[in-house]
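A.B. asks: prediction below, plus the sequence it came from.
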Amino acid sequence: MRSFISRMVRRSAVVLGVGSLMVVTACSGQTGPGASSTAASPTAGTAADGCVTDYAAGRDYFPDKSEVKYAKNFSLTYHDSYQVVTVEQPAPGQPGEKYVFYRCGTPVPELTGDLAGAQAVSVPIKSLFSGSTTHLPLLDELGQLSVLKGVTDGTYVTNPEVRRMIAEKQVIQYASNQAADSEVVISSRPDVVLTEGTDDPAYPVIRQAGIAVVANSEWLEQDPLGRAEWIKFVGALTGQEAQATKVFDQIELDYQNVAAKAKEAGAPVTVLPGQMYQGNWWMPAGDLYVANLIADANGTYGWSDVRQNSSLMLSLEDVLAKSRDADVWIMTEDVKTLEDVAKSDPRYAEFKAFQQGNVWSNNAKVTPEGGNDYWERGVTRPDLVLADMVKILHPDALPDREFEFYRQVTR
C-alpha cells in the first residue's frame, strides 16, 4: 500500500486480479454525525440496520438504487438480494474486478460464470480500513465515519474527527514503509479493506485470510464529477444508496451552477498549471482531470488541445516558450511566498504571472504534519474546487466566494 504522501505526489505528477471466493458478513446500525439514515429504506422483512430478518426469494432488498452517470471506472447492477459492482481498472494496468454486495441476512449468491471467484461482501458493512485520505470525506458526507477502523498512515489526515479517532486509538494505522502490514490487517478483521487504486503485495494474503479487498480507483476518473460519484460506490458498501445519491446530486447541481457563471464571465483566461517535479514539468493533456476543471472554470492553457490520457513530460524551456505570458499560474506545491517559488528555480521569475503576483497554490488548508485538505476533501467536492478556480480566474463571477483550497502566493 502506498503511503498517503505518495498518493499526493502521484496526483500532482499525473494529475490485482480477482482472488478466490470470499464471504464477509456484517450488519451495521452505526451512524456518524450528519447521517440522514443508517442504511437503505427498510422493506418488508428487513430491519432498520439493513439486515434481513425474514428472507423471501424474489423480494427486492434494494429499494434505493444508485445510477452512475459520470464515472467510467465502476458500475452497479442490481438483483433482488445483491448487487454486482464492477471496477474496470482497479489499478493501472490491472484487469477488471467484480464484487458481489449481498444484503445482510440473505443467502450468499451462487457465483458462477463471470462472477466465479468474485469477492462476496455482506452489506451494510460495519468496519472498513481505508487506503487513502480521499475515502474519508466520502464516509463523512454519508455520516459513516464510525465504520472507519484503520488508515494506512494518519500523518496526512486533515479531517478533525478522524484525527481525533486516530489519537484516541479508535482508528489504527496499518501500513509502514509504504506497504500494508498484512498481519495487522488480518488480526483486526475489518469487513473490507478499501484500496487507493494501486496494487500491493499484501492484498492476496489479506484476501486469502477471508477479508475483502475492494478497489477504490476514483483517481483514474478524468471527469471531476466522475471522481465525486464514487460516493455511490461507498454508499453501496454502507447501505446508503439514497443518501449517496442525495449528496452527489447536490454536488452536481452546485458544480454546474458554478460552471455556468464562469461561462458567462467573459473571455477565457490563460492559465499555467503545475510546476517542475523531479526535473520535468508534468503538463496535463486536454482530456485529463485538471484540464476539465480549467475548461469548466472558463480558462484555457497552452496544451488544452492535446488529446491523450496521460500527462505531457516537458522541460521548463518548453513551458516558457508556450506559456510565458499566461495570466494566472495555478500550482500544486506547498509554497508560502514568491521568494520560495523563485528559490526553487530562478527561471520561474520569467513568467508573467509571477512578475504580476498572480500565482496561486492549493495549500490554503494544510496541517502541521503536511496533510492537505485539497488532496483529501477536494476529490469529493469538485464543486468547491471549481468555485475556487472561478474566483481566481473571474473574481467578479463569484464576488462573495471565500476560498476553500487555494491561496494567493504573495511576497
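C.D. replies: Received the coordinates, thanks.

A.B. asks: tell me the mean pLDDT over the lengthiest helix in the chain?
C.D. replies: When the chain is parsed with DSSP state H, its longest helix is helix 241-263. For helix 241-263, the mean pLDDT works out to 98.

A.B. asks: hmm, who's touching it?
C.D. replies: Helix 241-263 is contacted from outside by 35-37, 40-41, 62, 64-67, 70, 141-143, 224-225, 228-229, 231-232, 234-236, 296-298, 380-383, 386-387, 390, 393-394, 397-398, using Cβ atoms under 8 Å, 6 or more residues apart in numbering. Quick note: C-beta positions are derived from backbone N, CA and C, even for glycine.

A.B. asks: what packs against the helix or strand that it is followed by?
C.D. replies: Going down the chain from helix 241-263, the next helix or strand is strand 269-273, by DSSP states H and E. Judged by 3 or more Cβ pairs under 8 Å, 6 or more residues apart in numbering; DSSP states H and E, strand 269-273 is in contact with helix 289-296, strand 299-300, helix 316-323, strand 328-331.

A.B. asks: got the domain ranges for the chain?
C.D. replies: As given by automatic domain parsing, the domain ranges for the chain are 4-251, 264-408.

A.B. asks: for residue 40, give me the pLDDT.
C.D. replies: 47.

A.B. asks: for residue 386, that is, sorry about that
C.D. replies: For residue 386, the pLDDT comes out at 98.

A.B. asks: excluding sequence neighbours, find me the nearest residue to it.
C.D. replies: Spatial nearest neighbour of residue 386, chain neighbours left out: residue 258 (5.1 Å); criterion: Cβ to Cβ, 6 or more residues apart in numbering.

A.B. asks: what number of residues lie near the one you found?
C.D. replies: 25 (other Cβ atoms under 10 Å).

A.B. asks: same check on residue 115?
C.D. replies: 17.

A.B. asks: quick one: it and residue 61, what's the gap?
C.D. replies: 18 Å (Cβ to Cβ, to the nearest Å).

A.B. asks: what does residue 197 give?
C.D. replies: From residue 197 to residue 61 the distance is 29 Å (Cβ to Cβ).

A.B. asks: for residue 387, same thing?
C.D. replies: 39 Å.

A.B. asks: and residue 161, what helix or strand is that in?
C.D. replies: With DSSP H and E as criterion, residue 161 is part of helix 160-167.

A.B. asks: now for whichever helix or strand comes after that helix, which elements pack on it?
C.D. replies: Next in sequence after helix 160-167, counting helices and strands by DSSP H and E, comes strand 172-173. Where contact means 3+ Cβ pairs under 8 Å, 6+ apart, strand 172-173 is packed against strand 148-151.

A.B. asks: switch to 6 Å and redo it
C.D. replies: If contacts are counted by 3 or more Cβ pairs under 6 Å, 6 or more residues apart in numbering; DSSP states H and E, strand 172-173 sits against no helix or strand.

A.B. asks: that strand: how far from the chain's middle?
C.D. replies: Computed by Cα atoms, centre = their mean, to the nearest Å, the chain-centroid distance of strand 172-173 equals 20 Å.

A.B. asks: same deal with stretch 403-411?
C.D. replies: 22 Å.

A.B. asks: list the buried ones in that stretch?
C.D. replies: Across stretch 403-411, burial judged by 16 or more other Cβ atoms under 10 Å covers 403, 404, 405, 406, 407, 409.

A.B. asks: what's the farthest-apart pair in those residues?
C.D. replies: Farthest-apart pair in the buried residues of stretch 403-411 is 404 and 409; separation 16.6 Å (Cβ to Cβ).

A.B. asks: just the strands in the stretch 301-411 of the chain please.
C.D. replies: For the stretch 301-411 of the chain, the strands defined by DSSP state E, counting those that start in this stretch occupy 312-314, 328-331, 359-361, 407-408.

A.B. asks: contacts for the shortest one next, please.
C.D. replies: What it means is strand 407-408. 360, 364 (Cβ atoms under 6 Å, 6 or more residues apart in numbering).

A.B. asks: what pairs with it, parallel or antiparallel?
C.D. replies: Paired neighbours of strand 407-408 in the sheet (DSSP bridges): strand 359-361 (antiparallel).

A.B. asks: likewise the longest one?
C.D. replies: Neighbouring strands of strand 328-331 in its sheet, by DSSP bridges, are strand 269-273 (parallel), strand 359-361 (parallel).

A.B. asks: okay if I get the ones you listed as CSV plus mean neighbour count and distance to residue 376?
C.D. replies: CSV is the format used below for the strands paired with strand 328-331 (neighbours: other Cβ atoms under 10 Å; distance: least, Cβ to Cβ, whole Å):
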stretch, mean neighbour count, distance to residue 376
strand 269-273, 24, 20
strand 359-361, 23, 16
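
A.B. asks: between these, which one is closest to residue 326.
C.D. replies: strand 269-273 (3.9 Å).

A.B. asks: and the next helix or strand past that closest one?
C.D. replies: The helix or strand immediately downstream of strand 269-273 is strand 276-277, counting by DSSP H and E.

A.B. asks: what pLDDT, on average, does that next one get?
C.D. replies: So the average pLDDT for strand 276-277 ends up being 95.
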